[in-house]
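[1] based on what follows, work out the 3D shape:
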Amino acid sequence: MKRSQVLSLFHNENQYRPLFLHGAIHQDRPVGPKRTFSEHSHPFYHIVLYTDGHGEYLKEGLFHKARPGTCVLLSPGQKHDFVSHWQKTVYSEITFAFKSENGLLLELPFEKLIFLLTGVEAAFDTDLIFSNEQKNTLNNMFSDLIEYLNSSSIISQYQANFGLLGIFNFIVKHHILTAVDSSSISPMDKVKAYIEENYTNQIPIEKLTSMVHLSKGYFFRAFKKKFGVSPITYQQIIRINASKTLLKTTSLRCNEIADRVGFSDVYFFHRTFKKHTGKTPSSYRAGKENL
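    Coordinates of the predicted model:
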């Protein structure tokens, strides 16, 4: 039977086809201190999507924050380890290679791989951050691909190759096209997006004002005029909404939830939660079935 030619790539007069090595959904690795990281490399590609929890992973000798929606693209030869040393992270991943008929493995950087597919040059200087909806969509694509790989269907290889192509297309759509379209986004919208992506961190006001080149006072007035709340209140609202989800869906204690969403003081978390919801976190959780 002929092999599926979906996603065949040509490079230096060789034809390469996908070779799937591993796939997992909601992988839960043990937590350990930084010294337990075992950084390694191999001639394969990884696409890793963090789906739950907050922590860190190791890439090229540097620690990077991971949260739900973080997507890590690893090229052949890049050193890495995905064990979290802080709290608990859960991720899904696909490990694959491109292999020629004579056994050669394609070891191009991810940017060059995307260029072969699209003909468009794109930089992946940082890992991608997807929204919750995008994260769920991409994770379902991972799940479908793994199901195809485990299938005995005569077209399972075709489906798997097409599934990987779909994942590439998703990344292209939400990275390359978004980057192109971002030039039309107003500076204030970029500030809002930055707060949404970094809401668990302490964000210096100077960082935000530098993005719009405004004085502190004028920035606060302009942000509130456009979005109805101050940037500080907007960050609090995002944190409270995230904590409401954790209260509904987990058994985490309030101090753990406060820490996860960015409150360093659990008492301030309680006061802020009641200010925005009219309820304490405990009473909100107790009545969650009716909300």
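[2] which residues in this protein form strands?
    With DSSP state E as the criterion, the chain has strands at 9-11, 14-28, 45-53, 55-59, 62-66, 70-74, 80-81, 89-100, 128-129.
[3] of those strands, which is nearest Leu247?
    Distance to Leu247, taken as Cβ to Cβ, is lowest for strand 45-53 among these, at 15.3 Å. C-beta coordinates here come from the backbone N, C-alpha and C atoms, glycine included.
[4] ok so, going back, reformat the strands of the chain as JSON lines; add distance to Lys190.
    Shown next, in JSON lines, are the strands of the chain (distance: least, Cβ to Cβ, whole Å):
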{"stretch": "strand 9-11", "distance to Lys190": "35"}
{"stretch": "strand 14-28", "distance to Lys190": "32"}
{"stretch": "strand 45-53", "distance to Lys190": "24"}
{"stretch": "strand 55-59", "distance to Lys190": "25"}
{"stretch": "strand 62-66", "distance to Lys190": "20"}
{"stretch": "strand 70-74", "distance to Lys190": "20"}
{"stretch": "strand 80-81", "distance to Lys190": "30"}
{"stretch": "strand 89-100", "distance to Lys190": "28"}
{"stretch": "strand 128-129", "distance to Lys190": "14"}
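[5] need those strands in JSON lines (columns: distance to Thr277 and mean pLDDT).
    What follows is the strands of the chain, written out as JSON lines (distance: least, Cβ to Cβ, whole Å; pLDDT from 0 to 100):
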{"stretch": "strand 9-11", "distance to Thr277": "52", "mean pLDDT": "91"}
{"stretch": "strand 14-28", "distance to Thr277": "30", "mean pLDDT": "90"}
{"stretch": "strand 45-53", "distance to Thr277": "23", "mean pLDDT": "92"}
{"stretch": "strand 55-59", "distance to Thr277": "28", "mean pLDDT": "84"}
{"stretch": "strand 62-66", "distance to Thr277": "27", "mean pLDDT": "84"}
{"stretch": "strand 70-74", "distance to Thr277": "28", "mean pLDDT": "93"}
{"stretch": "strand 80-81", "distance to Thr277": "39", "mean pLDDT": "88"}
{"stretch": "strand 89-100", "distance to Thr277": "27", "mean pLDDT": "93"}
{"stretch": "strand 128-129", "distance to Thr277": "27", "mean pLDDT": "86"}
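[6] would JSON lines of those strands with mean neighbour count and distance to Arg260 be doable?
    Shown next, in JSON lines, are these (neighbours: other Cβ atoms under 10 Å; distance: least, Cβ to Cβ, whole Å):
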{"stretch": "strand 9-11", "mean neighbour count": "14", "distance to Arg260": "41"}
{"stretch": "strand 14-28", "mean neighbour count": "16", "distance to Arg260": "17"}
{"stretch": "strand 45-53", "mean neighbour count": "22", "distance to Arg260": "8"}
{"stretch": "strand 55-59", "mean neighbour count": "21", "distance to Arg260": "11"}
{"stretch": "strand 62-66", "mean neighbour count": "15", "distance to Arg260": "12"}
{"stretch": "strand 70-74", "mean neighbour count": "22", "distance to Arg260": "14"}
{"stretch": "strand 80-81", "mean neighbour count": "18", "distance to Arg260": "22"}
{"stretch": "strand 89-100", "mean neighbour count": "21", "distance to Arg260": "12"}
{"stretch": "strand 128-129", "mean neighbour count": "18", "distance to Arg260": "17"}
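[7] looking at those strands, which is closest to Ile114?
    Taking the strands of the chain one by one with Cβ to Cβ, strand 70-74 is closest: 9.1 Å.
[8] okay then, goodbye and thanks.
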